[in-house]
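S.K.: From the sequence below, what's the structure:
(chains A and B)
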Amino acid sequence: MSAYGLLIDYEWCTGCHTCEVACQIEHALPTDQWGIKIMNVGPWEYAPKKWQYAYLPVPTDQCDLCKNRVEKSHTPTCVKHCQAKCLKYGKVEKLAEELAKKPKQTLFSL
Amino acid sequence: MEETMEETMEANAEANTEEKKEKVDKKHYTLINHKKPFRYDEDGLHVTRSCGWSAPGCHLGCGLLMYTNDEGRLVKVEGDPENPFNEGRVCCRCLALPEVVYHPDRILYPMKRNKEDRGKDKWEKITWDEAYSLVAEKFNYYKDTFGPETIAYYAGTGRDIGQYLTRLCWGSGSPTFVFQMSGQACYSPRVAGCFANTGAFWLGDYSQQYPDRYNNPNWQVPECIVIWGNNPIISNSDGLYGHWVVDCMKLGSELVVIDPRLTWLAAKAQHFLQIRPGTDAALALGMIDVIVKEDLYDQEFVSCWCYGFEELASRAAEYPLSKVSEITWIPANEIAEAARFIAKSSNAILQWGVAIDQTKETVPTAQALLAIFEITGNIDKPGAMVPPTNILNYAAGWGAEFLSREQDAKRLGQDKYPLLKMGFQECATDEVMNCLESGKPFKLKAAWIQTTNFLACTGVDPKRTLKAHMNYEFIVCVDLFMTPTIMALGDVFLPACTFAERDGLRIGDGMQRAETINKVIEPLGESKSDMEINLEIGKRISPEAWPWKDVEEMYSSIIDETGYSFKEMQEVAPGYPAFEYQMHKKSMLRQDGGVGFETPTGRIELWSHFYNMASLDPLPAFEEPTPGPVATPELLDEYPLVLTTGARNWSMFHSEHRQVPHLRAIHPDAIIEINPATAKKYGLKDGDWCWVENHLGRCKRRVVQTPIVNEQTCSTDHGWWLPEKEGALDEGLYGLWDMCVGNLIEYNCGKSGFGANYKTLLCKIYKVEEGE
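M.R.: Numbering: from 1, shown residues only, chains lettered A, B, ... in the order given. Okay, the predicted model is just below:
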């Protein structure tokens, strides 16, 4: 296996839209198309003072893991610019090892 | 290939650590060991290391890599991983910069319009020579005939432009420097309060003063960060890169969040106190009472370095938890637990925001908040509150030496508000309004409006503001785009360029570092940098204040103290001045070289001599916001909801960015956040347009149902106008009259002359009918 993917630590995603715009600008996407899109899960109160309130960036079919950038030894633009530093790019096997080390993460194989 | 690439990336990661090894230059500035020169080529593009500051605006100045092509076009903007400030990260606004630079609506030529055509789209293109001559001739005429004070200079949140603007104002002998906001209710009240009672300003220590950041051995992770009246991950205000808070949370910092809204940070906080807007002073005094009564204060720090503790304790005793709970709508046990948590933390940051300034009695409010951190000894130590490094003390104003005492005495508002005489350089905006309307004590003749769109943003009661400003005989405006303010009022439009099109300095607010803004493309059309415009006008109206032949010479003169010329600084920036903790013990905070703080007693003044001298209460106190559910219960039948304003949006800076496609798409409409139960009560649902109305006026908002506000409170954003709508005054001024939340706010500042109730209003909400 040599697939690459994105490991997303959604514990820390603040929903800042940086990944969305970085991707749209990099790929010249119009304002209503995304290569990665923030999903909002919450907020709701499931127990007193306990809130479900998370964001999750989801890569779309238009994500090419920034093939052109990666070929030139750059990281994908969403990873590079993520303000919460919660995106990681790499080989799926390696990212899977990191996935096992911490909860509230998700791994996209692309 | 794959392996190679992965290795390269790992090597890059190592190199990133390597390059953090700094070097110290002859002036004791720590520099980054850059891998490349500040301009280099990469994959067929030209890359320039730079720094992003206005225009378009923001509060920060992140390190950037600007990519241009052979045709001299800005292709893209990325974060600079070498820059310790943002470590390669940037927000969506910098990423979308090319859409601002090449926006078809940008004004690219100087224009003029007959005074009788104000409000009409009857602009006429002119040359720069004509523009300079016209402005200089008029300004020199008013200055010589009626006095320099009759020309007012207006700044917004001026960023790096503010300095060149104060110099233009004071350099020509005018004391009329105006921030068009009732009670100057943004930042300066807090800064003023800190200086008054501690002799310094205090910032949260997120390691931003060190080029090696979180790895610096002297720095400690704050155990507690108190987010009070701001949402820093969005607002990024005053030199704070908001996501540093997230970085610290990952390192173990716990949060106390005090906000009417359950923000994302609040949901992750150890303690979230959902406060009634405008009652912050009561909460702070209640917390102080808990901390004092339970002996949780730092006894050594208080006995050595604080003055007036007993008096503060007595005042706080007037705020028992039961009373404070009733005032703030926060359960008593939650207040007590949060107070204990702050006091027991080994180090704590007060991350306070503009909500503290946008309260009418801001002075005693800021005093109460800071007192919590003073009596718990969170001053001048790692991971707590620290004074900003200062390269050049020009951030609050440059060129004050040109203003004579005689001229400064004509600064508006000093008679009514003695505090303004004590080291302040602004006018009391509420008195500028009175002066414009009454012609007393003198008639204001001309205005220079730069970096501000006050009709849509800071200036409340836009109809009154517009009418008053029509009394100026001559108004010059400098901006990137046509705005409602300029369409309504301007006689001359001078087109400014973006920061991609100019050189500049980023020193400004927060921890200062020597940072350059580097020009990467030629200015579009005939636009010029704000600095060049001010230099050229300055040479024509007050040449003694503007001795430089060009902006580069001016910048070199400003940073002379660093030992570098502007060109040399471009190569090495950013430069970090030396920083130390415990400066009050090392005799570094007082001009006389003694230990302690630069105050009359040499201590932090919990009981303020400064306020006492200004005929203000020397101790913090709480006053009910008015109108409000307690101060004006008779209004509750008609206006049952508490409204807070100014919620920040990711993709917009105040009234900017409404015309930038990828940014507007993220937040297309002005919104009001309403609890689902409240929305149901008033027959509203998600996506409905509603009117938000009080006894002064109303504005349109799109409903967002959300449990982040309680049933009594709603929250809206600010700065709205619609560039896509008709601009002429009689056609709606870009939708301003319908969209401006300032319609609901009045000019009414605090007793000190500072602060106004922007964030504590009453309102009702009802559906917009078809055709409205």
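S.K.: ok, whatever residue of the stretch 501-650 of chain B ends up closest to chain A - how many residues close by?
M.R.: Here the residue of the stretch 501-650 of chain B nearest chain A is B:Trp650; by CB to the nearest CB that distance is 5.1 Å. Glycine gets a C-beta too; all of them are placed from N, C-alpha and C. The number of residues packed near B:Trp650 is 20, by other CB atoms under 10 Å in any protein chain shown.
S.K.: do the same with B:Gly687
M.R.: By the criterion of other CB under 10 Å, B:Gly687 has 11 neighbours.
S.K.: again, but for A:Ile38
M.R.: For A:Ile38, the neighbour count with other CB under 10 Å is 18.
S.K.: Kindly report the same for B:Arg49.
M.R.: Neighbours around B:Arg49, by other CB under 10 Å: 24.
S.K.: again, but for the one 10 residues further on
M.R.: Applying the criterion other CB under 10 Å, we find 21 residues in the vicinity of B:His59.
S.K.: Residues of chain A that sit close to chain B?
M.R.: Within reach of chain B by CB under 8 Å from any CB of the partner chain, chain A has these residues: A:2, A:12, A:14-18, A:20-22, A:24-26, A:31-32, A:42-45, A:49, A:51, A:53, A:55, A:70-73, A:75, A:77, A:80-85, A:90-91.
S.K.: Buried members of the residues you listed into ChimeraX, please.
M.R.: This is the ChimeraX syntax for the buried subset of the residues of chain A next to chain B, where burial follows 16 or more other CB atoms under 10 Å in any protein chain shown:
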select /A:12,14,15,16,17,18,20,21,22,24,25,26,43,51,53,55,70,75,77,80,81,82,83,84,85,90,91
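S.K.: Got the domain ranges for chain B?
M.R.: Here the domain parsing of chain B from automatic domain parsing is B:111-185+B:397-495+B:529-559, B:202-386, B:633-767.
S.K.: Okay, buried residues for the longest helix belonging to chain B please.
M.R.: As assigned by DSSP state H, the longest helix anywhere in chain B is helix B:128-146. For helix B:128-146, a neighbour-count test (16+ other CB under 10 Å) marks B:Trp128, B:Ala131, B:Tyr132, B:Leu134, B:Val135, B:Ala136, B:Lys138, B:Phe139, B:Tyr142, B:Lys143, B:Phe146 as buried.
S.K.: which one of those is nearest B:Ser174?
M.R.: Taking CB to CB as the measure, B:Ser174 sits nearest to B:Lys143 out of the buried residues of helix B:128-146, at 7.8 Å.
S.K.: That closest one and B:Asn649, how far apart?
M.R.: To B:Asn649, B:Lys143 is 41 Å away according to CB to CB, to the nearest Å.
S.K.: that older thread, could you redo the domains of chain B as CSV and give each row mean pLDDT and distance to A:Leu7?
M.R.: Formatted as CSV, the domains of chain B follow (pLDDT from 0 to 100; distance: least, CB to CB, whole Å):
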stretch, mean pLDDT, distance to A:Leu7
domain B:111-185+B:397-495+B:529-559, 96, 37
domain B:202-386, 97, 15
domain B:633-767, 97, 23
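S.K.: show me where chain A has strands.
M.R.: A:4-9, A:36-47, A:50-59, A:87-91, A:105-109 (DSSP state E).
S.K.: Which residue does the stretch 1-150 of chain B have closest to chain A?
M.R.: Residue nearest to chain A within the stretch 1-150 of chain B: B:Cys92 (3.8 Å; CB to the nearest CB).
S.K.: and the closest residue to that residue other than its chain neighbours, what does it touch?
M.R.: Once flanking residues are discounted, B:Cys92 sits nearest to A:Val21: 3.8 Å by CB to CB, 6 or more residues apart in numbering or on different chains. Shown in contact with A:Val21 (CB atoms under 8 Å, 6 or more residues apart in numbering or on different chains): B:Cys92, B:Leu95, B:Ala96, B:Ser651, B:His662, B:Leu663, B:Ile666.
S.K.: Could you say which of the residues you listed is surrounded by the most neighbours?
M.R.: Highest neighbour count within the contacts of A:Val21, by other CB under 10 Å: B:Leu95, with 28 neighbours.
S.K.: Apart from its neighbours in sequence, what residue is nearest that residue?
M.R.: For B:Leu95, the closest residue by CB to CB, 6+ apart turns out to be A:Val21, at 4.8 Å.
S.K.: And for B:Gly399?
M.R.: In space, and not counting its chain neighbours, B:Gly399 is closest to B:Arg167: 3.4 Å by CB to CB, 6+ apart.
S.K.: so where's chain A uncertain?
M.R.: Applying pLDDT under 70 to chain A flags residues A:1.
S.K.: State the distance from B:Leu420 to A:Gln105.
M.R.: B:Leu420 is 54 Å from A:Gln105, by CB to CB.
S.K.: Looking at those two, which one has more neighbours?
M.R.: Using other CB under 10 Å, the more surrounded residue of B:Leu420 and A:Gln105 is B:Leu420, with 24 against 18.
S.K.: Let me see the contact set for the more buried one.
M.R.: B:Arg411, B:Gly413, B:Gln414, B:Glu426, B:Cys427, B:Ala428, B:Gly753.
S.K.: now do 6 Å
M.R.: B:Leu420 makes contacts with B:Gly413, B:Gln414, B:Ala428, B:Gly753, as judged by CB atoms under 6 Å, 6 or more residues apart in numbering or on different chains.
S.K.: Tell me how far it lies from chain A.
M.R.: Using CB to the nearest CB, to the nearest Å, B:Leu420 is found at 39 Å from chain A.
S.K.: Nearest residue to that residue in space, ignoring adjacent ones along the chain?
M.R.: B:Gln414 (4.8 Å).
S.K.: Please, which helix or strand holds that neighbour?
M.R.: In the assignment (DSSP states H and E), B:Gln414 maps to no helix and no strand.
S.K.: In contact with the residue of the stretch 1-150 of chain B closest to chain A, which residues are there?
M.R.: Per CB under 6 Å, 6+ apart, neighbours of B:Cys92: A:His17, A:Thr18, A:Val21, B:Ser651.
S.K.: In JSON lines, list these along with distance to B:Phe442.
M.R.: Shown next, in JSON lines, are those (distance: CB to CB, whole Å):
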{"residue": "A:His17", "distance to B:Phe442": "48"}
{"residue": "A:Thr18", "distance to B:Phe442": "49"}
{"residue": "A:Val21", "distance to B:Phe442": "49"}
{"residue": "B:Ser651", "distance to B:Phe442": "43"}
